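**Student:** I would like to see how this sequence folds:
(2 chains)
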Amino acid sequence: MNIFSNFRSEIVQIVEGLAADNALPQALDLSRIAVDVPREAAFGDLSTNAAMVLSKPAGMKPRDLAALLVEKMIDVEGVVSADVAGPGFINIRLEDAVWRRCLAEILAVGKAYGDSDIGGGEAVNVEFVSANPTGPLHIGHARGSVFGDVLASLFQKAGYAVTREYYINDAGTQVDVLARSVHLRYREALGDDIGDIPEGLYPGDYLQPVGAALADREGDRWKDATEAEWLLDIRAYAIDAMMALVREDLAALGVRQDVFTSERQLVEAGKVDAVLETLTGRDLIYTGVLEPPKGKKPDDWEPRPQTLFRAIEFGDEVDRPLKKSDGSWTYFASDIAYHQDKYARGFKTLIDVWGADHGGYVKRMTAATKAISEGAATLEVKICQIVKLLDKGEPVKMSKRAGTFVTLRDLIDEVGADVVRFIMLTRSNDAPLDFDLAKVTEQSRDNPVFYVQYAHARCHSVARMAADAFPELESRDDGAANLELLEDEAELALIKLMAQWPRIVESAAQAHEPHRIAYYLYDLAAAFHGLWTKGKEQSELRFIVENDVAHTAARLALVRGVRTVIASGLELMGVTPVEELR
RNA sequence: GCGCCCGUAGCUCAGCCGGAUAGAGCACUUGAUUCCUAAUCAAGGGGUCGCAGGUUCGAGUCCUGCCGGGCGCGCCA
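**Tutor:** Modelled structure (predicted):
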């Protein structure tokens, strides 16, 4: 049940009824009608802009049209009053019973509350992380990982058929560098003195065990061999080892992707040649010479004929190169094939989650997606801005050589996966994020993870205390509670906030903004903490009322509702709701 | 030089398809604890929503120009 969308349907029916009676024109555009929560609780429970958005096409003054609508609205089930306000808003007040029924529904459906079918089972592909298989994930990957994972969960809860996907960039020059780095570690494991890691190779310690395992398995057969002899084998081995590392890191963060697509396999299966042949057939690929970028001309710039994709025709600024000078495909070329592959697998809605440093790449990829699907598929790229790692307000030095940790795994070991996940969603993806190691484990209102978890734990605490005070309540289910005993404004306000959960889920899914979940949970936690303290100041409002099983049962039902919604939200974020804080 | 993102309270940031008197936390001031976890709560001060135009019944939100910060800009991914 979603009170807001239900009521919107009522309004639409009223307008259509008036049109049928010729009191309003036929075929009005009703799409802009919205039902919201008024800014001030004093205005009422719901408000709608219907009269204002329809006034012009209806040829009526907003307030006159509002008055017409109000006449019908007061007859709607559950409505206490409907009033015209301001420029033509209609404020609606609902019977308390409506809100109590809402609570009853939350208790009945549990964590499924908030599930929606607006997705209609539509297939959505969310590609995220897609880090190069050259090392463990670092803190920068953490944000994209959590963002993509929770966005996918949101789609699921909103009724879409989601695929979580990881693109393995195992075909470029980076993985050759990886292979050489591993060969060095392999020789090291066999006793060679390798000295300092040469410039241009990966220096990380994490390659030592990879080299050692290789030495164990293969002996010294490649020790003094030429690169041509070992490159393919060691590269394949190293990529597998790195992907195993990445999967472990993702698992530690609670992320599990459905599909891993290998760039190399796309290339070897001829998918790149195929898609580019198709585009060539449509005259979207040509050989031309690009202008150097103005104002920032690379030192070694020289005009050169290149194989180019007509990205300009699809909204990009310049046409984009597809081939390197050595004849191999650019990353862009194989990425076109990859997106074509996703489209061919039936996805018309594609989402890519990228880091801020890839922002300059968005237009060409959306252009290419339009081209390969001939406009049938849309790609939306979500850019996650950088994460600034701090400790007590001071930036943490990100030296690879120094002991300061930078990997995702170290971060998880330090503060826990739940904290990492929650904090990564406390900002819009467009805004840079400060991740302060000291602050995120602090137990204060300033730390949203703690604040929300504390509210959830308090809900459990009340239940534990109540079980002692009223053992007979344990065997009773919430359905037996008389919710009419919930009369205080603060109690009803809490239910009204919970009633917003389904629309929060829907709007966050539609806007592709998982951070709204975190903000909502913070608000709900604040309302709950407020009611708690109110009970300290007015003892008749305490959840557990001495010698009054009925009131206690009703309030326990309310608390269970809060707990359900918070737990539902936390689980959507992939965060474990805790029952006790220590 | 061009493109993308950002600019909202002293600081860090929310603000849903344009909607009513722009919100939260921190910091500051004051108050609440024999009592379900005070790890919390209540109240108060604090704003030219970067600047200037435009569209609209209505703009923090949309459009244009400018200013400031970040990221990126042919054969890295």
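
**Student:** can you get me a residue count around A:R8?
**Tutor:** Using other C-beta atoms under 10 Å, the number of residues around A:R8 comes to 18. No exception for glycine: its C-beta is placed from N, CA and C like everyone else's.

**Student:** check contacts around it.
**Tutor:** Contact partners of A:R8, counting by C-beta atoms under 8 Å, 6 or more residues apart in numbering, are A:33-35, A:48.

**Student:** so where is chain A shaky, pLDDT-wise?
**Tutor:** A:398-405, A:475-479 (pLDDT under 70).

**Student:** against A:S461, how distant is A:T533?
**Tutor:** Noted for A:T533: a distance of 14 Å to A:S461, by C-beta to C-beta, to the nearest Å.

**Student:** and what of A:V70?
**Tutor:** Distance of A:V70 to A:S461, given as C-beta to C-beta: 45 Å.

**Student:** which parts of the stretch 351-500 of chain A sit against RNA strand B?
**Tutor:** A:356-363, A:383, A:385-386, A:427-428, A:430-434, A:443-446, A:450-451, A:454, A:457-458, A:461-462, A:465 (C-beta under 7 Å from any atom of the strand).

**Student:** what subset of the residues you listed is buried?
**Tutor:** Buried members of those, counted by 16 or more other C-beta atoms under 10 Å: A:356, A:361-363, A:383, A:385, A:427, A:433-434, A:450-451, A:454, A:457-458, A:461-462.

**Student:** rewinding a little: quick check, nearest of the contacts of A:R8 to A:E127?
**Tutor:** For the contacts of A:R8, the closest approach to A:E127 (C-beta to C-beta) belongs to A:A34, at 32.1 Å.

**Student:** can you give me phi and psi for the residue of chain A most remote from its centre?
**Tutor:** Note on chain A: the largest C-alpha distance from the chain mean falls to A:D224, namely 48.8 Å (C-alpha atoms, centre = their mean). Main-chain dihedrals, A:D224, degrees, to the nearest 10: phi -110, psi 20.

**Student:** list the contacts for it?
**Tutor:** By C-beta under 8 Å, 6+ apart, A:D224 has no neighbours at all.

**Student:** show me what the helix or strand where A:L68 lies is packed against.
**Tutor:** In the assignment (DSSP states H and E), A:L68 maps to helix A:62-73. Helix A:62-73 makes packing contacts with helix A:3-20, helix A:50-58, strand A:79-85, strand A:89-94 when contacts are defined by 3 or more C-beta pairs under 8 Å, 6 or more residues apart in numbering; DSSP states H and E.

**Student:** and the last one, anywhere near RNA strand B?
**Tutor:** Yes - part of strand A:89-94 sits close enough to RNA strand B to count as contact by C-beta under 7 Å from any atom of the strand, namely A:89, A:91.

**Student:** who's in contact with that strand?
**Tutor:** So strand A:89-94 is contacted by A:3, A:7, A:38, A:43-52, A:66, A:69-70, A:73, A:78-85 (C-beta under 8 Å, 6+ apart).

**Student:** circling back to that earlier point, among the helices and strands packed on helix A:62-73, which is the most enclosed?
**Tutor:** Highest mean neighbour count among the helices and strands packed on helix A:62-73 (mean count of other C-beta atoms under 10 Å): strand A:89-94, with a mean of 22.

**Student:** return the distance of it from the chain's centre.
**Tutor:** 33 Å (C-alpha atoms, centre = their mean, to the nearest Å).

**Student:** equivalent analysis for stretch A:202-212, please.
**Tutor:** 33 Å.

**Student:** do stretch A:194-210 as well
**Tutor:** 35 Å.

**Student:** name the helix or strand for A:L390, please.
**Tutor:** Per DSSP H and E, A:L390 falls inside strand A:387-391.

**Student:** list the strands paired with the helix or strand following that strand, with their directions.
**Tutor:** Under the assignment DSSP H and E, the closest C-terminal helix or strand after strand A:387-391 is strand A:394-395. Partner strands and pairing direction for strand A:394-395 (DSSP bridges) are strand A:387-391 (antiparallel).

**Student:** stretch A:8-18 close to RNA strand B?
**Tutor:** No - with C-beta under 7 Å from any atom of the strand as the criterion, RNA strand B is not reached by stretch A:8-18; the gap is at least 8.1 Å.

**Student:** so how far is that stretch off the chain centroid?
**Tutor:** On the basis of C-alpha atoms, centre = their mean, stretch A:8-18 sits 34 Å off its chain's mean C-alpha point.

**Student:** only alpha carbons, please: show it as CSV.
**Tutor:** Taking Å, rounded to 0.1, in the frame of the first residue of the first chain, the C-alpha atoms of stretch A:8-18 are listed here in CSV:
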residue,chain,number,x,y,z
ARG,A,8,-3.3,10.2,-6.6
SER,A,9,-5.5,7.6,-8.3
GLU,A,10,-8.5,8.9,-6.4
ILE,A,11,-7.8,12.4,-7.7
VAL,A,12,-7.3,11.1,-11.3
GLN,A,13,-10.7,9.4,-11.0
ILE,A,14,-12.3,12.6,-9.7
VAL,A,15,-10.9,14.6,-12.6
GLU,A,16,-12.0,12.0,-15.1
GLY,A,17,-15.5,11.9,-13.5
LEU,A,18,-15.7,15.7,-13.8
